[in-house]
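> below are the sequence and a predicted model; questions follow.
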Amino acid sequence: MSKFFQSHGFKRFMLLVGIAIALYLMRSMINIILLTFIITYLMNKLATKTTEGTRKYVPLNEKAVTVTLYLLLAGAIVAVIYKYLPIVTQQITQLFDLIASFNVNPDDNEIARYLAPTFEKIELDKYLEQGVDITLKNITNIGKIIMQILISLILSLFILLEKKRIIEFTAKFKDSKIAPLYDELHYFSRVFIRSFGKVIEAQFIIAAVNCVLSVIMLYLMGFPHLIALGIMIFILGLVPVAGVIISLIPMSIIAYSIGGLMYIVYILVMVTVLHAIEAYFLNPKLMSAKTDLPIFYTFMVIIFSEHFFGVWGLIIGIPLFIFLLDVLGVTSSETPKQKPIRRSKKQIE
């Protein structure tokens with residue numbers, strides 16, 4: 001027992017438990033912590049790739065590129081809040097009204113005749129009233145959310161501008177009296193950035209691509225309230241697998257209201273095509289094959305993470321699970337090192 005408690009694995013496990021407890025105690029600041037990490041990681045990737053791409057033509061400093069990108073992002077956020085927030089609010093309200101007024105006419109066809117009793121039992125009005133109440137509560141806290149986003153943007157900007165100094169200062173703890181603790185924290189941070197950050201980046205890119213392609217297809221089909229639908233598709237696109245299924249429900253209802261059952265078929269074809277693009281093109285390009293979880297594990301992780309972490313759990317549940325798998329050695333996003341090639345004496349000569 002003494003060997004077990006003194007083992008390296010047990011100490012690493014206890015440190016991980018300590019980190020989890022510390023985050024739980026700071027749960028009131030979890031929004032700022034997660035937003036700061038996500039914004040910092042994504043903006044660092046964008047600034048690095050932009051700098052490498054532009055240096056072929058114009059020599060630019062990475063700090064200047066970072067400041068420019070943050071100014072563009074801040075300007076876009078202000079423009080959206082000032083110009084499009086009233087439009088988005090109006091479209092979301094109209095979208096709720098459209099779904100609430102949905103009914104299946106049994107006289108349309110045989111399929112609708114069977115669907116009518118089912119939709120009467122679902123009682124969409126009650127569910128939508130709960131959804132509207134949740135939306136109104138979020139709108140009343142819009143000032144708090146905007147302040148948290150603003151603080152996260154400022155913190156992430158300072159982190160990226162002083163990235164080298166932060167790394168150099170943090171490295172001093174390696175030779176301090178808490179060197180063993182530093183080594184373990186360095187290991188966890190390296191694995192966390194490599195696994196959690198990679199999956200978050202992939203989720204955002206996939207959600208953005210799905211949002212743009214979906215809005216284009218919905219526009220060609222004559223769907224109303226495209227801005228509200230685009231926001232819904234992007235947010236739900238951050239939830240792996242389950243987000244696509246959840247987004248099918250409101251889109252199918254709107255499709256039936258516009259063009260009947262044939263439009264529902266169009267929606268199913270659109271979602272199938274987008275899922276194929278995600279599964280066979282985006283996922284292999286953006287994520288390692290080892291992070292490709294079975295659908296059963298994906299749903300179980302999403303259900304439990306939503307229960308314990310709320311809305312954030314839907315987005316960060318899978319990345320956290322991948323991080324734990326990486327720590328436990330179940331999967332690893334590191335590229336395996338190539339074995340040295342043995343040469344004969346004749347080849348060496």
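Sure thing, it's come through.
> so what pLDDT did residue 44 get?
The per-residue pLDDT reported for residue 44 equals 90.
> give me the phi and psi for the closest residue in space to it that isn't next to it in sequence.
Among residues not flanking residue 44 along the chain, residue 160 sits closest, at 5.8 Å (Cβ to Cβ, 6 or more residues apart in numbering). (C-beta placed from N, C-alpha, C; glycine too.) Note on residue 160: its backbone torsions stand at phi -70, psi -40 [degrees, to the nearest 10].
> ditto for the one 3 residues further on
According to degrees, to the nearest 10, the main-chain angles of residue 163 amount to phi -60, psi -50.
> give me every residue that touches it.
Contacts here follow Cβ atoms under 8 Å, 6 or more residues apart in numbering; on that basis residue 163 touches residue 44.
> what's the average pLDDT for stretch 269-288?
74.
> and the contacts of that stretch?
In contact with stretch 269-288 (Cβ under 8 Å, 6+ apart) are residues 198-199, 201-202, 205-206, 209-210, 213-214, 217, 244, 247-248, 292, 331, 333.
> where does the chain have its least confident helix or strand?
helix 345-348 (a mean of 45; mean pLDDT, DSSP states H and E).
> which other residues reach the helix or strand hosting residue 250?
For residue 250, the host element (DSSP states H and E) is helix 242-259. Helix 242-259 is contacted from outside by 95, 98-99, 102, 104, 207, 218, 221-224, 229, 232-233, 235-237, 239, 263-264, 266-268, 271, 274-275, 298-299, 302, 314, using Cβ under 8 Å, 6+ apart.
> repeat that for stretch 302-313.
30-31, 34, 239-242, 314, 316-318, 320-321.
> at 10 Å what do you get?
By Cβ atoms under 10 Å, 6 or more residues apart in numbering, the residues outside stretch 302-313 that reach it are 27, 30-31, 34-35, 134, 138, 235, 239-243, 301, 314-321.
> low-confidence ranges in the stretch 151-300 of the chain?
283-292 (pLDDT under 70).
> could you redo the last one with a cut-off of 50?
By pLDDT under 50, the low-scoring segments of the stretch 151-300 of the chain are 289-290.
> can you give me the helices for it?
Under the criterion DSSP state H, counting those that start in this stretch, the stretch 151-300 of the chain carries helices at the ranges 163-171, 179-192, 198-220, 226-237, 242-259, 261-277, 283-286, 295-309.
> redo these as JSON lines? Include distance to residue 153.
Formatted as JSON lines, the helices of the stretch 151-300 of the chain follow (distance: least, Cβ to Cβ, whole Å):
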{"stretch": "helix 163-171", "distance to residue 153": "16"}
{"stretch": "helix 179-192", "distance to residue 153": "21"}
{"stretch": "helix 198-220", "distance to residue 153": "16"}
{"stretch": "helix 226-237", "distance to residue 153": "19"}
{"stretch": "helix 242-259", "distance to residue 153": "25"}
{"stretch": "helix 261-277", "distance to residue 153": "30"}
{"stretch": "helix 283-286", "distance to residue 153": "24"}
{"stretch": "helix 295-309", "distance to residue 153": "23"}
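> how about the ones you listed, which one is nearest residue 3?
Relative to residue 3, the nearest member of these by Cβ to Cβ is helix 179-192, separated by 17.8 Å.
> list the contacts of the closest one.
8, 11-12, 14-16, 18-19, 37, 170-176, 178, 319-320, 322-324, 326-327, 332-334.
> let's see it at 7 Å
Counting by Cβ atoms under 7 Å, 6 or more residues apart in numbering, helix 179-192 makes contact with 12, 15, 16, 173, 174, 323, 326, 327, all of which sit outside it.
> could you measure the closest residue in space to the first one that isn't next to it in sequence against residue 9, distance?
In space, residue 12 comes closest to residue 184 once its chain neighbours are excluded; the distance is 5.9 Å by Cβ to Cβ, 6+ apart. Between residue 184 and residue 9 the distance, using Cβ to Cβ, to the nearest Å, works out to 11 Å.
> show me which of these two is the more surrounded one.
Of the pair residue 184 and residue 9, residue 184 is the one with more neighbours under other Cβ atoms under 10 Å, namely 17 against 9.
> I figured the residue nearest to residue 44 hits residue 42, correct?
No. Between residue 160 and residue 42 there is no contact under Cβ atoms under 7 Å: 10.9 Å.
> what does the pLDDT read for residue 339?
The model reports residue 339 with a pLDDT of 43.
> which helix runs longest in the protein?
Longest helix in the chain, counting residues (DSSP state H): helix 30-54.
> what residues sit buried inside the helix or strand just after it?
Past helix 30-54, further along toward the C-terminus, the next helix or strand under DSSP H and E is helix 62-79. Using 16 or more other Cβ atoms under 10 Å as the test for burial, helix 62-79 gives 62, 65, 66, 69, 70.
> cool, and stretch 214-231?
Across stretch 214-231, burial judged by 16+ other Cβ under 10 Å covers 214, 215, 217, 218, 223, 225, 227, 228, 229, 230, 231.
> what do you get for stretch 311-327?
Buried, per 16+ other Cβ under 10 Å, within stretch 311-327: 313-327.
> and what of stretch 152-172?
152, 153, 155, 156, 157, 159, 160, 163.
> pretty sure the fourth one sits against residue 43.
Yes. Here residue 156 lies in contact with residue 43, judged by Cβ under 7 Å, at a distance of 6.2 Å.
> and residue 267, how far is that from residue 57?
43 Å.
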